[in-house]
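K.L.:
Starting from these lines, generate the structure:
(3 chains)
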Amino acid sequence: MIEAENVHYSYPSKVEALKGVSITIKDGEFVAIMGQNGAGKSTFVKHFNGLLKPTVGSVKIDGVETTKSSVAALARNVGFVFQNPDHQLFSETVEEEIAFALKNFGLEPEIIEKRIDWALNLLSLTQYRKTSPFLLSGGERKRVALASVLAWDPKTLILDEPTIGQDHEQKEKLRQFIMQLQTQKKTVVIVTHDVEFVAECNPRVVLMKEGKIVADGEGKEILTDPATLELSSIVLPQIAQVFAKLSDLGLPKDIIDIYEAKAILLKEAWRRGK
Amino acid sequence: MSVFDGLKFRKVISPIHNLDPRMKFIYVIAIFVAAIVFFQIIPLLFLFVMQIPFVLLARVQKQWLRSLRGAAFLAVVIFSVNIATTFFTKGYTLPPEDIERAVSMTLRFVVLVESFSVFFLTTSPDHLGLALENSRVPYEFAFAFTTAVRFVPVLAEEAQTIMDAQKARGLELEKGGLLKRIRNYIPVLIPLIVSAIRRSLELAEAMESRAWGATKKRSNLYALKLHRGDYGLLAIIVGILAVTVYIYFFVPIPTIVSLL
Amino acid sequence: MGTKVAIIETKNLTYTYPGASKPSIDDVSIKIEKGEFVLITGPSGCGKTTLCRTFNGLVPHFYQGELKGEITVAGLNTLDRHTYEMAKHVGLVFQNPENQLFALSIEKDVAFGLENNGVDRAEMRKKVDWALNQTGIYDIRERSPHEISGGQQQRVAIASVLAMEPEIIVLDEPTSFLDPLSAQKIFEVIYKLNKEQGITVILVEHRLDLTAKYTNHLIVMDQGRVRFEGDPREVLSNEETRLIGVGIPKATLLYELLKKEGLGLSSKIPLCSEELADQLLEALQK
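P.N.:
Okay, the predicted model is just below:
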């Protein structure tokens, strides 16, 4: 469980990035933290594994204050996948790359072997086991980075802007993968400004603006409220845009799923005798 | 490190900051020449004190003093080495003239560091780059310089991100003996280097796409013009060099020892 | 849109990077008319990035390797010309905003291309100011590239290419790193340049929901080849396009779903939410 209370954070340059944010994320939740670039999303999320410690306020992971723990210790339970996989990859083979964290955590060699097999399989990378990560494509490198974090099976997974530079197919696979993690009762936190992706997943959405949380609730409600979104400079998902323009017809406005949209529109058409 | 504070540009509106960087550089060279020419304490002391009005006018006293502190360590080293050399070569004695000589060597070093410090404190990288571009230095060098300066903050941020990413995979940078600690930096260095290479490639593409190499005679959006203050500085430079030459040839400078 | 003059024409264009096992673009034959706003899309690795680089000669001059087939850009054969010559006709804006800006101030960056061409100061100043105004960044011209947002950085990149007054501007996934709002601003800027200055625009993008509405010439690539080309309304409603892995705008998908169920919508396939909403209002309120 992640508990942040009244977190303030100022950079060494004295810029205050977080101005009193509080949040509770229970085990197994799926949360999307959204907001404009510079709203403080990444800064906030870096408190969850102790990379940053609050200048005021507290962050507790499973009841333990992050100030009382090292990043390595917190990382055991909170895996963090950074936006650019090239900021992580350095090994000669994919296998070694995945083994890196496992060795850091002092796992037994037999267990490390098993975990590597498992991670490679999970992300369809088995054929690249002995390949150099630098020779793989962008999408494949992203999977290697993800595999290297999942390998130690953390309870919580944080993904920082996982959809940047991904094409439609890759985003769809990512979405399905997150769903899979959810069935395994993992807590997943994604930092993103990709509204369509979040609309597809429909998680709990936390909106940030200028270091504060301005909205926290069901994705469907937040992503379809034009006032809230304008406040944090996010665009409405396309389906919601359509329904926003159909307000004259008295249709509900909180629609983000395409099939729900179809059902409602067909019902309305039938109702009107079309 | 505090000594580096004395070399980092500090943005202030001052007459010194507005001076043409080329002129300032020639001034530093003039001081350099004068400091090399004299090995007596009196002229060197004078050269040192000469910097102070510039420092005050430029309002960079705090940083300048910091670089003095940083230079102090090396100054002590220079002094000790000189004393030791004298001591051992002159049969375990320390003639006063040689002590004085050691002091002036140290003072010479301090003068050099301080004049460069004033230069860097009052000249922004933009200005420096512009000076390089407007001088006879081939454009490639000026470009390399400005690009490097431009990317320093970017690289610094990236290094931090990479360290964070690896720390989040259990890497502990502070633990272990010296050898282990050096090895621990490999997962930070390699991504940094790979990223730098990738960045250079992208930069090269962008440069090519914007007509890099189209002509040998590049023009420049900005021009460096000399103003009144620059001519004033030029006068001071000429003065320093003239006085230096005159004193060197015609005026015997007493040593402190002889005065005592 | 535009006259029937082809400003870019390729015939059987094939290119393999040195050391690669198969070509990145394979037998590509396209024709782009002057003044068009062209959208190129396709899954990762389809060759769209490589194709962009053939337009100004980076392929093959910068990357070496052999470029087979014919290509004519603004009347010039890129194989015979230096990239710096092509730069006067084709501007290329890249994906990563940070790695395209190398000067210490924005206006110096915008002037870079003109400086390289030895343009005299007075004229350069005029062109730089014009480009800065066209992209809405005149007020921040003295700032350093590191201080500004990604969206502003991309506008600087566009301005620096625009300053050389090219006939064609190619943008390779320019909004990958930007949030949707900043991305929209970029698209508006380039759409304006296309409409008002008559500059031929070639945009490579994944976000069709934001960009499909600007074009009437969509090129879909897959594995180095051009699979579909034409009016986006036709291309995007084609089942096969979806199968390649192209992200069809939700509005278009919803339209297809409703049409299949017999809802009386017009035959004009919508590319954005406004178009679909208008059609729905008409169909439901008749």
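K.L.:
Please count neighbours and contacts with C-alpha atoms only from this point.
P.N.:
OK.
K.L.:
So what does the residue of the stretch 51-200 of chain C found nearest chain B have for phi and psi?
P.N.:
Closest contact between the stretch 51-200 of chain C and chain B, by Cα to the nearest Cα, is at C:Tyr84 (3.8 Å). Main-chain dihedrals, C:Tyr84, degrees, to the nearest 10: phi -70, psi -20.
K.L.:
Which residues are in contact with it?
P.N.:
Applying Cα atoms under 8 Å, 6 or more residues apart in numbering or on different chains to C:Tyr84 gives the contacts B:208-214.
K.L.:
filter the residues you listed down to the ones near chain A?
P.N.:
Among those, no residue is within reach of chain A (Cα under 8 Å from any Cα of the partner chain).
K.L.:
where does the most centrally placed residue in chain A land in three-state SS?
P.N.:
When Cα atoms, centre = their mean is applied to chain A, the residue found nearest the centroid is A:Ile190 (1.1 Å). When classified by DSSP: H, G, I helix; E, B strand; the rest coil, A:Ile190 comes out as strand.
K.L.:
quick one: it from chain B, how far?
P.N.:
16 Å (Cα to the nearest Cα, to the nearest Å).
K.L.:
Now do that residue against C:Phe62, distance only.
P.N.:
The spacing between A:Ile190 and C:Phe62, counted by Cα to Cα, to the nearest Å, is 38 Å.
K.L.:
Equivalent analysis for B:Met105, please.
P.N.:
Using Cα to Cα, we find B:Met105 at a distance of 53 Å from C:Phe62.
K.L.:
The two: which has the busier surroundings?
P.N.:
Between B:Met105 and C:Phe62, counted using other Cα atoms under 10 Å in any protein chain shown, the more crowded position is B:Met105 (23 against 14).
K.L.:
Confirm that B:Ala71 sits in a strand.
P.N.:
No: under three-state DSSP, B:Ala71 sits outside any strand and is assigned helix.
K.L.:
correct me, but it touches B:Leu112?
P.N.:
No: in this structure B:Ala71 lies outside contact range of B:Leu112 using Cα atoms under 8 Å: 10.3 Å.
K.L.:
okay, the contacts of C:Tyr84 in a markdown table with pLDDT, secondary structure and neighbour count next?
P.N.:
Below are the contacts of C:Tyr84 laid out as a markdown table (pLDDT from 0 to 100; DSSP: H, G, I helix; E, B strand; the rest coil; neighbours: other Cα atoms under 10 Å in any protein chain shown):
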| residue | pLDDT | secondary structure | neighbour count |
| --- | --- | --- | --- |
| B:Glu208 | 95 | helix | 24 |
| B:Ser209 | 95 | helix | 26 |
| B:Arg210 | 95 | coil | 31 |
| B:Ala211 | 94 | coil | 25 |
| B:Trp212 | 94 | coil | 23 |
| B:Gly213 | 91 | coil | 17 |
| B:Ala214 | 92 | coil | 21 |
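K.L.:
out of these, who's nearest chain C?
P.N.:
For the contacts of C:Tyr84, the nearest to chain C is B:Ala211 (3.8 Å; Cα to the nearest Cα).
K.L.:
coming back round to it: return the member of the contacts of C:Tyr84 nearest to chain A.
P.N.:
Among these, B:Ser209 lies closest to chain A (Cα to the nearest Cα), at 22.3 Å.
K.L.:
surely that closest one meets C:Gly91?
P.N.:
Yes: checked against Cα under 8 Å, the pair B:Ser209 and C:Gly91 is within contact range at 6.8 Å.
K.L.:
Please enumerate the shared neighbours of the two.
P.N.:
Counting by Cα under 8 Å, 6+ apart, the contacts common to B:Ser209 and C:Gly91 are C:Asn56.
K.L.:
who touches the lowest-mean-pLDDT helix or strand in chain A?
P.N.:
None of the helices or strands of chain A scores lower by mean pLDDT, DSSP states H and E than helix A:226-231, at a mean of 78. Applying Cα under 8 Å, 6+ apart, the set of residues contacting helix A:226-231 from outside is A:209, A:214-215, A:222-223, A:235-236.
K.L.:
just stretch C:63-78 next, same as before
P.N.:
C:7-18, C:27, C:54-57, C:59-60, C:79, C:86, C:89, C:167.
K.L.:
ditto for stretch B:89-101
P.N.:
B:39-41, B:83, B:86-87, B:255-257.
K.L.:
likewise stretch A:53-71?
P.N.:
So stretch A:53-71 is contacted by A:1-10, A:20, A:47-51, A:74, B:167-168, B:170 (Cα under 8 Å, 6+ apart).
K.L.:
count of neighbours near residue 38?
P.N.:
In the absence of a named chain, this looks at chain A. Close neighbours of A:Gly38, defined as other Cα under 10 Å, add up to 14.
K.L.:
Oops, wrong one, chain B.
P.N.:
Neighbour count for B:Phe38, taken as other Cα under 10 Å: 18.
K.L.:
Could you list everything C:Ile32 pairs with in the sheet?
P.N.:
In this entry, C:Ile32 is beta-bridged to C:Ile8, by DSSP bridges.
K.L.:
If anything else comes up later, I'll come back, but that's it for now.
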